[in-house]
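Student: got a predicted structure here, sequence first:
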Amino acid sequence: MQRRLTALFAAVAILMLVAPTAAFAEESPDPTPSPTASAPAAPATPPDGPSIGVLLLDSTGDGDSKPVPDATLVVTDEDGDEVGEGETGPEGRVFIAVPERGTYTVTIDTDTLPDGVELSGEEESRTVQVVLDGPTFAQFQIGVDAIEAVPFSDRFIEAMVSGIKFGLIVALAALGLSLIFGTTKLTNFSHGELITFGAIATYVANRGLGLPVVFAGIAAVAASALFGYLQDKMLWKPLRNKGVGIIAMMIVSIGFGLFLRNVYQYTFGGSRRSLSEYVSQGRDDYGFVSLAPKEIAIMGIALVTLVVVVTALMTTRLGKAMRAVSDNPALSASSGMRVDGVISSVWVLGTALTGLSGVLLAVNSQVNFLMGFRLLLLVFAAVTLGGLGTIWGALVGSMIIGIMVEVGPLFGVPTSIKEVGALVVLILILLVRPQGILGRRERIG
C-alpha cells in the first residue's frame, strides 16, 4: 500500500514537472521594480507576488465593449499614498504590482482617456482587496450612459446565454463527479483539482510543447483519463480492497486534493496565464446576443460531448454495467460482472470529462492553480441539486446553477458574490425536495 501511494505521488509530480521550463517562463516577466510616477510602465502579464490586474472597457455607443489602450491608472494604499502606476496595453489590460496584501484604491487618470469618453465620479475609482500572492482583478466598464440605455431584456438574454455556457462547462465536471459517486459512493473532494489538471495540461501542451490549442486540449483530455486510471489503480482500489470506509476515503480525498493543489502552485506558480490562441476575440452580433467564436465553440463542444456520453451511458453495454454496479455492486459481482473493471472505466470517463471542463475553462478565460478549487462548490451544488448519482440530475442542476450565477447580478446580487444566489436557490429547492430535482426519494425506517 505504501509503495503504491508513493508511486502515485511520484507520478503526479512527474506529470507536472515534465513541461519544459520555458512553458512557465514564457509569460513570466522580469522582476518589476517598484513603480513610481516617473516610471508608469507596467507589465501586460502578471508579475510575481501580489498585484492588481485592471481591464478597461468602453461601452460608449452601441454597448459593444471595446478595450481602452494608453490609459493611466494609479494605485494608492489605505493612507492615500501612491504605491503603483500603470498604462493599459492594446487589450485594455494592465497589471500593477503592489508591495503587500491589503486594501488599495485604483483610480483612472481621466486626462488620458480617449476623446468623447467621460466617467461619472463613482466610476473613476475601484477599491480592491488583495488577499493572494498573485493578481487580483478589477474591471472598469466606462460609457455608463450607453450601458444604461441597453434594454433590460437584451441584458437578460446576454446573461442567460452566458449562464448556459457556464452551465455546460460545469455540467462536464458535474457529470464526472456524479458517475464516480454513483458507482463508488465516494464524495471526492479532490475533484476540483481534476479540473485544474485539465487546464494546466492544456497550457503545458500548448506553451511548452508548441501544440495548437485544439491538439493541446485533446492531449489534456487523454492525460486526464490516464490520471484517473492511475488514481484508481494506485489509491482508491487498494483502499476499497482493504475495506476502508467511505468517510475515511472522503478524508483521504481532502488530503489528496491539498497535495495536488500545492503541486500545481509549486510547478505552475500563483499567477494567471493565457494560452497562445483565442485569448482576445471580437464578438459577432446574432440578433439579441453577441458571442465570440470561441464561446460558440465551447458551447458546441460541451453540448455534443454531453449528448454523446449520456446516450452511450443509456444504450451501450458499458453504460448498463455502470448503472448495475451503481444500483447493487454485490449482486453485479455475483452475476459474474468485473466490478473493479467497471469502476476503473468510470474513473477514466469521469476524469476525462472533468479534464475537458478544465480545457474549456482555460480557453474561455485563463489558467490558474486555484481555478478548479473555486469551481468545486458549484459542481457539488449542481450534483446535489439535480440528485446525487443521477446522470440527468447532474446536467439539470448544472444548467440551473450556471444560469443563476450569471443572471443574479441583474437582480441586485453583487458581482463579487454572484455564486451566492445559486447556492440560495439550492437551499430553497432542497428544503422542498431533499433528494434533488431528479433524485429518488429514499425510504426511512
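Tutor: Arrived safely, thanks for sending. Residues are numbered from 1 along each chain as shown.

Student: ok, which stretches of the stretch 51-200 of the chain are strands?
Tutor: With DSSP state E, counting those that start in this stretch, the ranges of strands along the stretch 51-200 of the chain come out as 51-58, 66-67, 72-76, 82-87, 93-97, 102-108, 125-130, 135-142.

Student: name the residue closest to the centre of the chain, please.
Tutor: The chain has residue 371 as the residue nearest its centroid, 4.5 Å off, counting by C-alpha atoms, centre = their mean.

Student: returning to that earlier point: just say which of the strands of the stretch 51-200 of the chain is most tucked in.
Tutor: Using mean count of other C-beta atoms under 10 Å, the stretch among those with the largest mean neighbour count is strand 93-97, at a mean of 24. From N, CA and C alone the C-beta is placed, and that goes for glycine too.

Student: looking at the strands of the stretch 51-200 of the chain, which is nearest to residue 334?
Tutor: Nearest to residue 334 among the strands of the stretch 51-200 of the chain is strand 135-142 (55.3 Å), distances taken as C-beta to C-beta.

Student: wait, the residue nearest to the centre of the chain touches residue 358, no?
Tutor: Yes. With contact defined as C-beta atoms under 8 Å, residue 371 reaches residue 358; the gap is 7.4 Å.

Student: what touches both of those two?
Tutor: Residues touching both residue 371 and residue 358 (C-beta atoms under 8 Å, 6 or more residues apart in numbering) are 195-196, 199.

Student: related to what we said a few turns ago, and the residue nearest to the centre of the chain, what does it touch?
Tutor: Contact analysis of residue 371 by C-beta under 8 Å, 6+ apart lists 195-196, 199, 358, 361.

Student: same question for residue 67.
Tutor: 55-58, 88, 90-93, 280.

Student: that one bridge partners, please.
Tutor: Assessed by DSSP bridges, residue 67 has beta-bridge partners residue 57.

Student: same list, the strands of the stretch 51-200 of the chain, but as TSV with distance to residue 330 and mean pLDDT please.
Tutor: Listed next are the strands of the stretch 51-200 of the chain as TSV, based on distance: least, C-beta to C-beta, whole Å; pLDDT from 0 to 100:
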stretch	distance to residue 330	mean pLDDT
strand 51-58	53	79
strand 66-67	60	75
strand 72-76	62	86
strand 82-87	63	85
strand 93-97	56	85
strand 102-108	57	83
strand 125-130	52	78
strand 135-142	51	72
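
Student: low-confidence ranges, the stretch 151-300 of the chain, go.
Tutor: Applying pLDDT under 70 to the stretch 151-300 of the chain flags residues 280.

Student: right, I mislabeled it, should have said the stretch 301-445 of the chain
Tutor: 416, 440-445.

Student: residue ranges for the helices of it, please.
Tutor: Under the criterion DSSP state H, counting those that start in this stretch, helices of the stretch 301-445 of the chain are mapped to 317-327, 329-334, 339-364, 371-386, 391-407, 419-432.

Student: contact partners for residue 216?
Tutor: 201-203, 205-206, 209, 275.

Student: change it to 7 Å
Tutor: 202, 205-206 (C-beta atoms under 7 Å, 6 or more residues apart in numbering).

Student: tell me the one of these nearest residue 167?
Tutor: Of all these, residue 167 sits closest to residue 202, with 20.9 Å by C-beta to C-beta.

Student: quick check: the closest one touching residue 221?
Tutor: No. If you go by C-beta atoms under 7 Å, residue 202 and residue 221 don't touch, sitting 8.9 Å apart.

Student: more crowded one of these two?
Tutor: Between residue 202 and residue 221, counted using other C-beta atoms under 10 Å, residue 202 has the larger neighbour count: 31 against 23.

Student: what's the closest non-adjacent residue to that one?
Tutor: Nearest residue to residue 202, sequence neighbours excluded (C-beta to C-beta, 6 or more residues apart in numbering): residue 220, at 4.2 Å.

Student: okay but that neighbour is in contact with residue 204, surely?
Tutor: No. Contact criterion C-beta under 7 Å: residue 220 and residue 204 do not qualify, at 8.2 Å.

Student: who has more neighbours, the two?
Tutor: Between residue 220 and residue 204, residue 220 has the larger neighbour count (other C-beta under 10 Å), namely 28 against 25.

Student: mind checking how far that one is from residue 304?
Tutor: According to C-beta to C-beta, to the nearest Å, residue 220 stands 18 Å off from residue 304.

Student: kindly report the same for residue 322.
Tutor: Taking C-beta to C-beta as the measure, residue 322 falls 21 Å from residue 304.

Student: for the residue lying closest to residue 324 once chain neighbours are set aside, the count of nearby residues, please.
Tutor: Residue nearest to residue 324 in three dimensions, not counting chain neighbours: residue 332, with 4.8 Å by C-beta to C-beta, 6+ apart. Neighbour count for residue 332, taken as other C-beta under 10 Å: 19.

Student: OK, contacts around residue 332?
Tutor: So residue 332 contacts 324-325, 339 (C-beta under 7 Å, 6+ apart).

Student: how does it look with 10 Å?
Tutor: Shown in contact with residue 332 (C-beta atoms under 10 Å, 6 or more residues apart in numbering): 321-326, 338-339, 342.

Student: before we move on, what about residue 309?
Tutor: By C-beta under 10 Å, 6+ apart, the contact list for residue 309 reads 172, 175-176, 179, 319, 349, 352-353, 356, 391.

Student: farthest pair in those?
Tutor: It's 319 and 356 that sit farthest apart of the contacts of residue 309, by C-beta to C-beta, at 18.3 Å.

Student: please identify which of the two sits among more neighbours.
Tutor: Ranked by neighbour count (other C-beta under 10 Å), residue 319 and residue 356 place residue 356 first, with 27 against 18.

Student: distance of residue 127 from residue 49?
Tutor: Residue 127 is 20 Å from residue 49, by C-beta to C-beta.

Student: what values do phi and psi take at residue 78?
Tutor: phi -70, psi -20 (degrees, to the nearest 10).

Student: just checking, it touches residue 104?
Tutor: Yes. Applying C-beta atoms under 10 Å, one finds residue 78 in contact with residue 104, separated by 7.7 Å.

Student: can I get the contacts of residue 67 in JSON lines including distance to residue 404?
Tutor: Shown next, in JSON lines, are these (distance: C-beta to C-beta, whole Å):
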{"residue": "55", "distance to residue 404": "24"}
{"residue": "56", "distance to residue 404": "29"}
{"residue": "57", "distance to residue 404": "24"}
{"residue": "58", "distance to residue 404": "29"}
{"residue": "88", "distance to residue 404": "32"}
{"residue": "90", "distance to residue 404": "35"}
{"residue": "91", "distance to residue 404": "30"}
{"residue": "92", "distance to residue 404": "29"}
{"residue": "93", "distance to residue 404": "28"}
{"residue": "280", "distance to residue 404": "28"}
